[in-house]
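J.: generate a structure from the sequence data that follows.
(one chain, ligands or ions: 1)
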Amino acid sequence: MLGMMMDVPLTIGLILEHAKLNNPKREIVSVSSSGIHRYTTLDFALRVAKLANALAKLGVKKGDRVASFAWNGYRHLELYYAVPILGAVLHTVNIRLYPAQVAYVLNHADSKVIFFDNTLTPALEAAIAADTENRKRHFISMGAINTKLKPCVEYEEFIGSESTTFESPVTDEREAAMLCYTSATTGEPKGVLFSHRSTVLHAYGACLPEVMGVNNLETVLPIVPMFHVCAWGYPYACLLVGSKLVFNGEIFDAPRLIQLMNSEKVTTAGAVPTIWMRIRDELQKSNTKLETVKSILVGGSALPKSLLIDFDRMGIEVIHGYGMTETSPLVATTRKHLTAPLAEASEEEKIAQRLKQGRIAFGVQWRAVDENGNQIPHDGKAMGEIQYRGPWITSGYYNNPEATKNAITKDGWFRTGDVCTADEYGFMQIVDRTKDLVKSGGEWISSVDLENTIMGHECIKEAAVIGVPHPDWVERPVAVVVLKEGKSVSEPALKEWLADRIAKWWLPDRVMFTDSLPLTGVGKFLKRELRERYKDVLSNTAEQPKT
Ligand code: AMP
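T.: Numbers count the residues shown, from 1 in each chain. Modelled structure (predicted):
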């Protein structure tokens, strides 16, 4: 017997409608190099309708892909809603990919309309110049037009005279809504295609007090970029509960972020550890305070202990979040109140517990399996790969059957490539990574691509690239190389050679020379041993700009 409740599809349009009706006066504030912009949720919703109408008039249809190449801001937020309610798919391009990769993802997604911030024009032009397929596209400039890319229209002109009402044609909650690409260990980025249903359920989950816990009383600053897994879901979760939203545009320097949080009375914000460490250092250096912030979400990489302790001292709760593009992203968090069962434990033990990636949110099923496919015991010691299943977990990669085959188990679980332990309290801790990537300041660097480039040098016989702990970037690449017999090249000379061939921020911080590289039984580089051997080589490294 079926239940008798209404079968209303869970769509992004529902969040928009709800926000417009129930929190019309909630403010949305955006700062950027061109100044500050504020409007209400009602103004926002009316402009979303105009944008959806303008896109429809341009010929964008259900299922078409529309790309954004932009910082966090109100127009980007309008795209987050207008494109999906039209039934099209917003492809948020990571502006930090190098030009050929941007061209690749635009072509792979077949995004024919590109909205871009005019402060990013040079990067977009470089990507279009790198596009060997020369596809026809429409460009919409957010800000005055400063490019020769054609055809190009200015955003305000594009939406100008459109109607402020729009009837969404989306009737099936499983329709695609957003498309984000994530780095692959080798080769080109892989696309993760979110649906309306997955996006709404993820936003619901994120609002639970056990997860991000955003609510109507909060003013939220998602510092995490909107080109990174939908800014961790904030743009949807905040409108769902009616939080005030603040965007920081291209402003990432710590003094201005602190000033912004204080002037807009921000109560919670989310960013990768690198950003929070800079904010912490600036607060200490300038003896200033975050006057209204009650909690911060630290995610994308493991939470450093010193960060937790320092923010605890300031009376600000650190929420440690873990997830991936493939998981929408939130799957696990550690919050202070979740460690209540450890009431009798020492302070040191409580801190150790809060540094774990934490407890999995309702809606996501998980298991951790060892090399033989057996589930590991939850004893805090045994290690296994963590795998997921659930309504906001990907079932495969967009138009990429090969990657899908490797990522999904025969019985339908998503393989993360993260290795964890699990404890008796239901907390999970990431202890290693099987995927061969380095995560620097929240952005991926492919070890394999770097190794192949380095091995193209005439003096290098073998190269292995590993991620090594770094005080500012959490992790940076270090190359361990073996020279060809009778050949020699110095570390600076090798770096100079590499600098012409890779993005500047991919350049290994150190090149270590060795006589031979340790190998696994199947002849792969034994990176675990190398990571252990070189784990301290960057511990005293001073901050260096990477972009
Ligand atoms: P991305 O898809 O770029 O968001 O990267 C996801 C990956 O980043 C995960 O599979 C982990 O390897 C890593 N990651 C994300 N959050 C954390 C965290 N809190 N602690 C440790 N690793 C993390």
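J.: ok, now which ones touch residue 175?
T.: Applying C-beta atoms under 8 Å, 6 or more residues apart in numbering to residue 175 gives the contacts 11, 62-63, 87, 195-196. The way it works is simple: take the backbone N, C-alpha and C, and place the C-beta from them, glycine included.
J.: so which of those comes closest to residue 482?
T.: residue 195 (47.5 Å; C-beta to C-beta).
J.: hang on, the closest one packs against residue 170?
T.: No: using C-beta atoms under 8 Å, residue 195 makes no contact with residue 170, being 10.2 Å away.
J.: give me the more crowded residue out of those two.
T.: Shown here are residue 195 and residue 170; by other C-beta atoms under 10 Å, residue 195 has more neighbours (23 against 19).
J.: once you drop chain neighbours, what's closest to that one?
T.: Nearest residue to residue 195, sequence neighbours excluded (C-beta to C-beta, 6 or more residues apart in numbering): residue 174, at 5.2 Å.
J.: go on, residue 11?
T.: Spatially, and ignoring its direct neighbours in sequence, residue 11 is nearest to residue 196 (4.3 Å; C-beta to C-beta, 6+ apart).
J.: so who does that neighbour touch?
T.: Taking C-beta under 8 Å, 6+ apart as the test, what residue 196 contacts is 9-13, 84, 170, 173-175, 177.
J.: so which of the residues you listed belong to helices?
T.: 12-13, 84 (DSSP state H).
J.: which PyMOL command selects the buried ones in these?
T.: Remark: buried members of the ones in helices among the contacts of residue 196, expressed as a PyMOL selection using 16 or more other C-beta atoms under 10 Å:
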select buried, resi 12+13+84
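J.: turn the ones in helices among the contacts of residue 196 into TSV, including pLDDT and distance to residue 166.
T.: Shown next, in TSV, are the ones in helices among the contacts of residue 196 (pLDDT from 0 to 100; distance: C-beta to C-beta, whole Å):
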residue	pLDDT	distance to residue 166
12	98	13
13	98	9
84	98	12
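J.: keep only the ones in helices among the contacts of residue 196 that also lie close to the ligand.
T.: Filtering the ones in helices among the contacts of residue 196 for proximity to the ligand by C-beta under 6 Å from any ligand atom leaves nothing.
J.: so which of the ones in helices among the contacts of residue 196 comes closest to residue 42?
T.: Using C-beta to C-beta, these come closest to residue 42 at residue 13, 15.9 Å.
J.: hang on, isn't that closest one packed against residue 85?
T.: Yes: judged on C-beta under 8 Å, residue 13 makes contact with residue 85 at a distance of 4.4 Å.
J.: okay, and the common contacts of these two?
T.: 168, 170.
J.: in the stretch 151-300 of the chain, what residue comes closest to the ligand?
T.: At 4.6 Å from the ligand, residue 182 is the closest residue in the stretch 151-300 of the chain, using C-beta to the nearest ligand atom.
J.: kindly apply the preceding question to the stretch 1-150 of the chain instead.
T.: For the stretch 1-150 of the chain, C-beta to the nearest ligand atom, closest residue to the ligand: residue 94, 9.2 Å.
J.: quickly note the distance from the most far-flung residue of the chain relative to its centre to the ligand.
T.: Taking C-alpha atoms, centre = their mean, the residue of the chain most remote from its mean C-alpha position is residue 486, at 44.7 Å. Separation of residue 486 from the ligand (C-beta to the nearest ligand atom, to the nearest Å) stands at 40 Å.
J.: thinking again about what came up before, I'd like the ones in helices among the contacts of residue 196 as a markdown table, with distance to residue 449 appended.
T.: Output for these, formatted as a markdown table (distance: C-beta to C-beta, whole Å):
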| residue | distance to residue 449 |
| --- | --- |
| 12 | 35 |
| 13 | 40 |
| 84 | 33 |
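J.: need the residues of the chain near the ligand, please.
T.: 182, 229, 299-302, 320-322, 324-325, 329, 357, 416, 418, 430, 433, 439, 444.
J.: pLDDT at the most centrally placed residue in the chain, what is it?
T.: For the chain, the residue nearest the mean C-alpha position is residue 228 (3.2 Å; C-alpha atoms, centre = their mean). Residue 228 carries a pLDDT score of 95 in this model.
J.: likewise residue 529?
T.: Residue 529 is assigned 88 on the pLDDT scale.
J.: can you check residue 429 too?
T.: pLDDT at residue 429 comes out at 94.
J.: give the helix, strand or coil label for it.
T.: State at residue 429, reduced to three classes by DSSP: H, G, I helix; E, B strand; the rest coil: strand.
J.: how about the contacts made by it?
T.: Contacts of residue 429 by C-beta under 8 Å, 6+ apart are 355-357, 380, 420-423.
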